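Asks: Take a look and give me a structure for this.
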Amino acid sequence: MRCAPARPEDLDAITAIHAACFGPKAWPRIDFENALYSETDQLTCIYRNGVICGFSQIRGDGDSAEILTFGVHPKRRDKGYGAALLCAAMTRAQAYGAAEIMLDVRQDNIPAISLYRRAGFTRIGKRKNYYKDLIDKRPVYTDAHVYKKELNLPLP
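Replies: Sure thing, here's the model as predicted:
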């Protein structure tokens with residue numbers, strides 16, 4: 001497996017992985033295309049034998065960076081892709097001058113929370129009713145947990 005900055009030819013695969021991970025809440029391709037050419041965003045992909053298995057999008061703002069979205073194809077989960085991709089995203093953020101990185105995660109996304117904690121992230125807050133789902137045509141809200149990691153510390 002290898003991590004590298006995303007390329008224009010990766011956009012369809014990134015969009016498909018995002019759809020596989022987030023279903024009807026998936027972002028459109030244009031969002032990733034804009035990120036690819038943005039001065040503040042960084043798209044990173046993880047490849048195995050030339051095939052994209054996952055991606056991350058981070059945004060930097062001076063000393064701070066934020067993981068905006070992160071996904072590993074469902075068929076590639078629990079194989080170390082997420083940890084490698086997260087490490088690569090943190091390394092890129094640090095290389096661009098960020099001293100910290102933050103993210104929001106659904107409070108019920110236990111696998112992601114476990115990954116972030118293993119990588120040294122600490123929960124610093126909560127966003128009440130941040131995520132909205134429709135269940136039986138009725139809105140159901142889920143809190144987001146806010147996590148942060150200082151990047152001046154050694155990366156995992």
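Asks: Adjacent strands (with direction) for the helix or strand of the chain with the lowest mean pLDDT?
Replies: The weakest-scoring helix or strand in the chain, judged by mean pLDDT, DSSP states H and E, is strand 122-135 (a mean of 89). Sheet pairing for strand 122-135, assigned by DSSP bridges, gives strand 138-150 (antiparallel).
Asks: quick one: contacts of the least confident helix or strand of the chain?
Replies: For strand 122-135, contacts defined as C-beta atoms under 8 Å, 6 or more residues apart in numbering pick out 102, 104, 106-107, 139-149. In this view, the C-beta of every residue, glycine as well, is placed from N, C-alpha and C.
Asks: again, 7 Å this time
Replies: Outside strand 122-135, the residues that touch it by C-beta atoms under 7 Å, 6 or more residues apart in numbering are 104, 106, 139-148.
Asks: after the longest helix anywhere in the chain comes which helix or strand?
Replies: Identified as the longest helix of the chain according to DSSP state H is helix 81-95. Sequence-wise, the next helix or strand downstream of helix 81-95 (DSSP states H and E) is strand 100-106.
Asks: What angle do helix 81-95 and the next helix or strand after that following strand make with each other?
Replies: Counting by DSSP H and E, the next helix or strand C-terminal to strand 100-106 is helix 110-118. Counting by axes from the mean of the first three to the mean of the last three C-alpha atoms, to 10 degrees, helix 110-118 lies at 50 degrees to helix 81-95.
Asks: What angle do strand 100-106 and helix 110-118 make with each other?
Replies: 160 degrees.
Asks: Could you list the buried residues of helix 110-118?
Replies: Buried residues in helix 110-118, counted by 16 or more other C-beta atoms under 10 Å: 112-113, 115-116.
Asks: who touches that helix?
Replies: 82-83, 86, 103, 105, 145, 147.
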